[in-house]
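A.B. asks: How does the following fold in three dimensions:
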Amino acid sequence: MIPAPPSFDLNDRRARLDLPSRGLPERPVNERLRDFAEVYLPVDEGWAIYEASRCIQCAEPAACQLACPAHNAIPRAMQLIARGDFLPAAELYRQTNSLPEICGRVCPQEQLCNAACVRCRTGAPVLTGALEFFVADYQRRTQGVKIPTGPTTGHKVAVVGAGPSGLACTDQLLRMGHWVTVFEARAAPGGAISYGFPNYKTPHNLITEIWSSLAEAGASFVGHTLIGKKKTVNDLFADGYDAVFLGVGSGIDAPLNLPGENLPGVIKATDFLVRANADRRNLPPRQRTGVHVGANVVVIGGGDPATDCARTAIRLGAEHVTCVYLYTEAEIPGRAKDRRLAAEEGVQFEYLVKPVRLITGAGETLAGVECERITLTDLDDEGHRLPITTPGSTFSIKAETVIVALGYYPDPIITATTPGLRTQKWGLMIADRETGATSRFGLFTGGDAVTGPDLVVNAMVAGRKAAFTIDAYLS
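C.D. replies: Numbering: from 1, shown residues only. You can find the predicted model right below:
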């Protein structure tokens with residue numbers, strides 16, 4: 001039974017301002033380190049009603065709504081949740097967000113909606129992300145999620161890649177009445193969410209449920225199909241598809257380019273996270289053996305993948321995990337919240353540190369990482385700060401395992417086999433950011449394949465925008 005709304009008048013902004021946040025409860029560190037279950041403790045309807053009641057209902061468009069890449073109607077959602085109307089709130093989120101149960105968990109709200117919340121001036125913001133995934137989960141748990149489909153248009157669309165942009169594009173195209181087939185290089189949908197994100201960050205069963213809703217609405221899934229290799233974009237058009245959306249992301253790890261990077265014990269972030277976190281049934285035989293880490297692990301790089309690698313290594317039994325990053329914490333592109341959780345779990349962060357070589361031990365094994373401390377120059381004319389080595393600052397960190405998490409590039413195979421598709425630096429596809437249109441007629445794209453590694457919510461938004469363009473193109 002849903003608790004009654006608060007006893008005070010929900011229109012009383014003064015009363016709302018007086019409510020302190022109860023926070024989103026987390027599992028104790030010693031407990032969560034023993035497994036890969038979600039970090040957050042379950043919350044109930046009373047918690048959601050109370051937290052949503054803290055929203056003072058700024059006039060729309062509210063600052064939080066403008067700061068959200070999806071432009072979710074956050075004040076209206078908070079109003080519904082404060083009244084106990086969880087299902088209408090979930091449907092409201094789904095009008096602008098195809099993956100609210102995912103984005104609510106992984107979006108850096110502290111840089112987006114929460115940062116814009118006017119309550120930050122005097123205290124803690126409303127926990128909008130937690131409330132977003134609460135109502136989305138509540139809807140799936142209580143009544144399921146049925147995607148409404150429009151009258152059949154007879155048009156066939158191929159979506160290449162089943163990550164956030166591809167899933168969002170598929171969701172919208174189905175609502176418009178188009179037939180959609182999703183081609184994916186791996187065995188299961190989800191992209192980086194299923195194969196890269198640890199379960200403690202995003203429960204993998206959510207992707208199964210999301211795909212189930214898409215399949216019930218008519219989407220078809222073709223796995224183990226790398227478009228660009230045996231089957232090309234030209235082949236898709238020849239097979240009768242009227243439009244193609246490329247949501248292939250950026251999944252090729254940037255190289256380390258240091259002496260010793262081919263030593264045993266050096267592993268790239270993608271391979272590490274896949275082998276440590278993905279469902280074994282959905283992996284090729286070479287990746288089903290899992291991954292072994294030594295007592296001492298060094299993660300080279302910053303951002304969320306580096307933090308995910310470090311936290312995963314701790315859960316796999318590493319005793320000392322150090323994450324080294326060339327710049328300061330202020331320049332790190334990932335979530336501060338995840339770094340805070342990592343620090344609680346025992347990860348050490350070394351900033352303004354430059355690895356210079358990997359140290360070879362006895363028997364050609366990995367023994368450690370030699371590093372130098374650096375300082376940063378003042379901003380140059382292009383707004384960049386350059387790293388300068390500090391003389392006499394060389395030191396080493398012991399390591400039996402080194403994980404390289406320096407960023408990602410798109411797989412060049414699809415662009416190399418698609419005539420007429422223009423690319424730019426690092427092989428990123430050139431496309432209109434508002435429409436997803438490429439230089440090839442009938443071919444659309446969006447997400448990390450265009451921007452490089454970016455937020456899940458931005459990829460999701462790009463997929464939705466492309467779907468509207470595709471629908472107009474087909475019409």
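
A.B. asks: Which stretches in the stretch 151-300 of the chain count as helices?
C.D. replies: All helices of the stretch 151-300 of the chain, identified by DSSP state H, counting those that start in this stretch, fall at 164-175, 192-195, 205-216, 233-238, 269-277.

A.B. asks: tell me what the fourth one is packed against?
C.D. replies: So the one you mean is helix 233-238. On a contact count with 3 or more CB pairs under 8 Å, 6 or more residues apart in numbering; DSSP states H and E, helix 233-238 meets strand 156-160, strand 243-246. All C-beta atoms are positioned from the backbone trio N, CA, C, and that covers glycine.

A.B. asks: Just the C-alphas of it, formatted as PDB.
C.D. replies: This file holds the C-alpha atoms of helix 233-238, laid out as PDB (Å, rounded to 0.1, in the frame of the first residue of the first chain):
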ATOM      1  CA  VAL A 233      25.800  -1.400 -44.800                       C
ATOM      2  CA  ASN A 234      25.400  -1.800 -48.500                       C
ATOM      3  CA  ASP A 235      24.100  -5.300 -47.900                       C
ATOM      4  CA  LEU A 236      21.500  -4.000 -45.500                       C
ATOM      5  CA  PHE A 237      20.100  -1.700 -48.100                       C
ATOM      6  CA  ALA A 238      20.200  -4.500 -50.700                       C
END
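
A.B. asks: which other residues reach that helix?
C.D. replies: If you take CB atoms under 8 Å, 6 or more residues apart in numbering as the criterion, helix 233-238 is touched by 158, 160, 183, 227, 244, 246, 414, 417-419, 421, 440, 442-443.

A.B. asks: please redo it, this time with the cut-off set to 6 Å
C.D. replies: By CB atoms under 6 Å, 6 or more residues apart in numbering, the residues outside helix 233-238 that reach it are 158, 244, 418.

A.B. asks: Is it possible to get TSV of those residues that adds distance to Leu341?
C.D. replies: As requested, the contacts of helix 233-238 are exported to TSV (distance: CB to CB, whole Å):
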residue	distance to Leu341
Ala158	39
Val244	39
Thr418	40
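
A.B. asks: looking at the helices and strands packed on helix 233-238, which is buried most?
C.D. replies: Mean neighbour count (mean count of other CB atoms under 10 Å) peaks for strand 243-246 among these, with a mean of 28.

A.B. asks: That one pairs with which strands, and in what direction?
C.D. replies: strand 156-160 (parallel), strand 443-445 (parallel) (DSSP bridges).

A.B. asks: need those strands in TSV with mean pLDDT and distance to Ala313, can you?
C.D. replies: Formatted as TSV, those follow (pLDDT from 0 to 100; distance: least, CB to CB, whole Å):
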stretch	mean pLDDT	distance to Ala313
strand 156-160	98	32
strand 443-445	98	34
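
A.B. asks: Of the ones you listed, give the one that comes closest to Tyr473.
C.D. replies: Comparison of those against Tyr473 by CB to CB identifies strand 443-445 as nearest, at 8.0 Å.

A.B. asks: what's the single longest strand in the protein?
C.D. replies: What stands out as the longest strand in the chain, according to DSSP state E, is strand 366-376.

A.B. asks: And whichever strand or helix holds Glu31, how far out from the chain middle?
C.D. replies: In this structure, Glu31 sits in helix 29-32 according to DSSP states H and E. Centroid separation for helix 29-32 versus its chain: 24 Å, with CA atoms, centre = their mean, to the nearest Å.

A.B. asks: And the helices of the stretch 151-300 of the chain: which comes nearest Thr435?
C.D. replies: Per CB to CB, nearest to Thr435 of the helices of the stretch 151-300 of the chain: helix 164-175, 12.4 Å.
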